[in-house]
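Asks: Would you be able to build a 3D model of this:
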Amino acid sequence: MKTIEMSNYSVGESCYNEIPGVCEKYNVKRVVLIGGKRALAAAEPRIREAIKETDIIITDSIVYGIECTMTNVHKLTSNPNVQEADVIFAIGGGKAIDTCKTASIEMNDKMVFSFPTICSNCSAATAIAVVYDDNGALDHYSYPHCPAHIFINPDVIAKAPSEYFWAGIGDALSKQCEVEFATQGKTLDHTATMGLALAKTCTAPLLKYGKQGMEDCKNDTNSAAIEAIALDIVVSTGYVSNLTNQPEYYYNSSIAHAFYNGSCSIARDGHHLHGEVVSFGVLVLYAYAKDEENLMKMAKFNKSIGLPVTLADVDLDESHLEALTEAATKTNEWKNAPFPFTKEEFITAIKKADAVGQIGRASCRERV
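Replies: Numbers count the residues shown, from 1 in each chain. Presented below is the predicted three-dimensional model:
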């Protein structure tokens, strides 16, 4: 028996006006707002305005922390104002929303509505959450229900710092190639087949609208490009995740995320966003697959919007590769590979991606 979950969603500048109707549908009377500090500042006034003439009660507004850790999860689950709410309004980016989703598991699967204020990844739609330890290294994946409803306001997203939009493009670039890579040679059931078919639609909007979307986001201007990218990152890749991540198989991610997760174990200077590092992992995947055409194509696109194309761009070098690879072998992506990965080939692929990125690097060093 299989149950597939997909979030409903509302999109548009006035989408928060749909909150009362959605709450009525689920018989919600008490809500708690949880998110990052900046996310709450951006969304909370709009949410309060949308429900001011209703009988919906906000039990609390809580800054969850900075990282999705079990420490922060337990702070939420022990809070009476969270316990008393009918639904958690998870507000912000992936780490805030993943913290709320993970907390919901420990609270008898308390319902979650997500309000992405940035579109740095697809957490707002997924039935998976990435949990880190208190030192910032990957700890485990949790498997909550996906949010029941997503409220995607592209005007809020356009006015958020552009680096998150940029990183979201980098993360979403991995979805199509990772699912295609992970499913190769597999006999797919109906659910995975749908996931693969939808995954094949995820890259084109990024290449078409990514550069314009970046410009609009830098100018705090909502646009068709912003909305197209937000829907691709939040909805399309989120739905793919839910279709390709099932108890009997894991096709949701592969080498690009193995590289990212391995990199989390490396202490180094600088701070790099999830999607930023994943975008270099995409180059590693194409190098591992010996797909020269897409390796060059994606390296060119990364350079066009300032995403990483070399190890140095993410504060890594060849001295880190043995430890990074050893950490990568412990990830879901490595363990669920379509065929046995080898450390030697993984390191060779990283070096190949780095070498390709060096071509023309001096002219493409500018970041967001």
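
Asks: count of neighbours near residue 113?
Replies: If you count neighbours by other Cβ atoms under 10 Å, residue 113 ends up with 24. To be clear about C-beta, it is placed using only N, CA and C from the backbone, and glycine gets the same treatment.

Asks: now it, which residues is it bridged with?
Replies: Beta bridges link residue 113 to residue 89, residue 149 when assigned by DSSP bridges.

Asks: does the residue nearest the centre of the chain count as helix, strand or coil?
Replies: Geometric centre of the chain, nearest residue: residue 121, 2.3 Å, by Cα atoms, centre = their mean. With DSSP: H, G, I helix; E, B strand; the rest coil as the basis, residue 121 sits in coil.

Asks: Let me know whether it touches residue 275 as I believe.
Replies: Yes. Here residue 121 reaches residue 275: they are 6.2 Å apart, a contact under Cβ atoms under 8 Å.

Asks: Show me the common contact partners of the two, please.
Replies: 167-168, 171-172 (Cβ atoms under 8 Å, 6 or more residues apart in numbering).

Asks: Now tabulate those residues in CSV and tack on distance to residue 202, neighbour count and secondary structure.
Replies: Putting the shared contacts of residue 121 and residue 275 into CSV (distance: Cβ to Cβ, whole Å; neighbours: other Cβ atoms under 10 Å; DSSP: H, G, I helix; E, B strand; the rest coil) gives the following:
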residue, distance to residue 202, neighbour count, secondary structure
167, 16, 28, helix
168, 12, 33, helix
171, 11, 29, helix
172, 6, 30, helix
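
Asks: how many neighbours does residue 110 have?
Replies: For residue 110, using other Cβ under 10 Å, the count is 21.

Asks: right, and it touches residue 87 too?
Replies: Yes. Judged on Cβ under 8 Å, residue 110 makes contact with residue 87 at a distance of 7.1 Å.

Asks: Helix or strand for residue 266, just tell me which one.
Replies: Following DSSP states H and E, there is no helix or strand that holds residue 266.

Asks: any idea which element residue 327 lies in?
Replies: Per DSSP H and E: helix 321-328 holds residue 327.

Asks: again with residue 262
Replies: Judged by DSSP H and E, residue 262 forms part of helix 255-263.

Asks: Please compute how far the helix or strand following that helix lies from its chain's middle.
Replies: As assigned by DSSP H and E, the chain's next helix or strand after helix 255-263 is helix 274-288. How far helix 274-288 lies from its chain's middle: 14 Å, per Cα atoms, centre = their mean, to the nearest Å.

Asks: average pLDDT for the helix holding residue 327?
Replies: For helix 321-328, mean pLDDT rounds to 96.

Asks: quick one: strands adjacent to the lowest-mean-pLDDT helix or strand in the chain?
Replies: None of the helices or strands of the chain scores lower by mean pLDDT, DSSP states H and E than strand 138-142, at a mean of 86. Take DSSP bridges as the rule and strand 138-142 pairs in its sheet with strand 129-132 (antiparallel).

Asks: Redo the shared contacts of residue 121 and residue 275 as JSON lines? Include pLDDT.
Replies: Formatted as JSON lines, the shared contacts of residue 121 and residue 275 follow (pLDDT from 0 to 100):
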{"residue": "167", "pLDDT": "94"}
{"residue": "168", "pLDDT": "94"}
{"residue": "171", "pLDDT": "94"}
{"residue": "172", "pLDDT": "96"}
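
Asks: which one among these gets closest to residue 117?
Replies: Lowest distance from residue 117 to the shared contacts of residue 121 and residue 275 (Cβ to Cβ) belongs to residue 168, with 11.8 Å.

Asks: now the closest one: how far from residue 274?
Replies: According to Cβ to Cβ, to the nearest Å, residue 168 and residue 274 sit 9 Å apart.

Asks: Now list whatever residues contact both of those two.
Replies: Both residue 168 and residue 274 are contacted by 120-121, under the criterion Cβ under 8 Å, 6+ apart.

Asks: Residue 197 is in what secondary structure piece?
Replies: helix 190-199.

Asks: Buried residues, that helix. List them.
Replies: 191-192, 194-196, 198-199 (16 or more other Cβ atoms under 10 Å).

Asks: then it to CSV, C-alphas only?
Replies: C-alpha atoms of helix 190-199 as CSV (Å, rounded to 0.1, in the frame of the first residue of the first chain):
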residue,chain,number,x,y,z
HIS,A,190,3.9,4.5,-11.5
THR,A,191,4.9,7.0,-8.7
ALA,A,192,8.6,7.1,-9.6
THR,A,193,7.7,7.4,-13.3
MET,A,194,5.6,10.5,-12.5
GLY,A,195,8.5,11.8,-10.5
LEU,A,196,10.9,11.3,-13.3
ALA,A,197,8.6,12.9,-15.8
LEU,A,198,8.1,16.0,-13.6
ALA,A,199,11.8,16.2,-12.9
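
Asks: What lies in contact with it?
Replies: Under Cβ under 8 Å, 6+ apart, the answer for helix 190-199 is 2, 4, 175-176, 179-180, 183, 186, 188, 236, 239-240, 242-244, 246, 249, 251.

Asks: Could you do stretch 289-303 as well?
Replies: 170, 173, 177, 181, 207, 210, 279-280, 282-283, 286-287, 307-309, 352-353, 356-357, 359-361, 364.

Asks: residues contacting residue 281?
Replies: Here residue 281 is in contact with 174, 255-260 (criterion: Cβ under 8 Å, 6+ apart).

Asks: Equivalent analysis for residue 227, please.
Replies: So residue 227 contacts 11-12, 154 (Cβ under 8 Å, 6+ apart).

Asks: where along the stretch 101-250 of the chain do the strands fall?
Replies: Per DSSP state E, counting those that start in this stretch, the stretch 101-250 of the chain carries strands over the ranges 111-116, 129-132, 138-142, 149-152, 245-246, 249-250.
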